[in-house]
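# Here is my input, please return the structure:
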Amino acid sequence: MKKPQITMTVIKEDAGYSATATNGDRHLFTEGETFEELKINILDAVNLAFADLNFVYTIDEIKLTLDIQSFFDFYKVINAKALSARIGMNQSLLAQYISGSKKPSAIQRKRILKGVQQIGRELSEIQFLL
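Here you go, the predicted model:
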């Protein structure tokens with residue numbers, strides 16, 4: 001049997017993070033005070049859930065799907081003001097999405113994601129002079 005692909009949905013909570021996934025009849029849930037702790041707990045939960053099948057996962061094999069608030073909380077290095085200018089979104093509106101005081105529509109989520117992914121592609125192509 002092939003090792004199933006696992007996608008965990010990560011949500012920023014009032015105190016820390018939670019993560020959930022369903023794979024067939026296996027329902028996974030874990031939480032952590034920090035994102036790093038959450039990743040350790042996700043790995044433990046997934047490996048425990050699939051121990052009967054002798055599957056062992058690494059964190060790189062587990063896909064994480066984050067809400068916007070969790071993403072910006074963890075990746076503080078991304079400047080929301082610069083991103084809002086880059087994607088043509090009102091800075092105040094993006095800040096409301098990041099704080100969780102407003103929920104973005106599917107179109108707005110795609111717009112933000114497209115901007116973040118474009119930055120990621122550009123960064124992955126950077127080379128420094130030696």
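# For the rest of this, base every contact and every neighbour count on C-alpha atoms.
Fine.
# List the buried residues in stretch 63-79.
64, 66-72 (16 or more other CA atoms under 10 Å).
# Run through the strands of this structure in chain order.
6-13, 16-23, 26-32, 62-66 (DSSP state E).
# Of those strands, which is nearest residue 86?
strand 62-66 (21.3 Å; CA to CA).
# What is the closest one packed up against?
Strand 62-66 sits against strand 6-13, with contacts defined as 3 or more CA pairs under 8 Å, 6 or more residues apart in numbering; DSSP states H and E.
# Now do the same contact list for residue 49.
For residue 49, the contacting residues are 26, 28, by CA atoms under 8 Å, 6 or more residues apart in numbering.
# redo that, cut-off 7 Å
For residue 49, the contacting residues are residue 26, taking CA atoms under 7 Å, 6 or more residues apart in numbering as the criterion.
# gap between it and residue 89?
42 Å (CA to CA, to the nearest Å).
# can you count the residues close to residue 90?
Residue 90: 12 surrounding residues under other CA atoms under 10 Å.
# Can you verify my assumption that it contacts residue 84?
Yes - using CA atoms under 7 Å as the test, residue 90 is close enough to residue 84 to be in contact (6.2 Å).
# Would you map out the domains in the protein?
Following automatic domain parsing, the chain resolves into domains at 6-66, 68-124.
# Out of those domains, which is the most enclosed?
The densest packing among those, expressed as mean neighbour count by mean count of other CA atoms under 10 Å, is seen in domain 6-66 with a mean of 16.
# same for the one helix or strand in the chain whose mean pLDDT sits lowest, what does it pack against?
Ranked by mean pLDDT, DSSP states H and E, the helix or strand of the chain with the weakest confidence is helix 68-74, at a mean of 87. On a contact count with 3 or more CA pairs under 7 Å, 6 or more residues apart in numbering; DSSP states H and E, helix 68-74 meets strand 6-13, helix 91-99.
# Alright, calling it a day.
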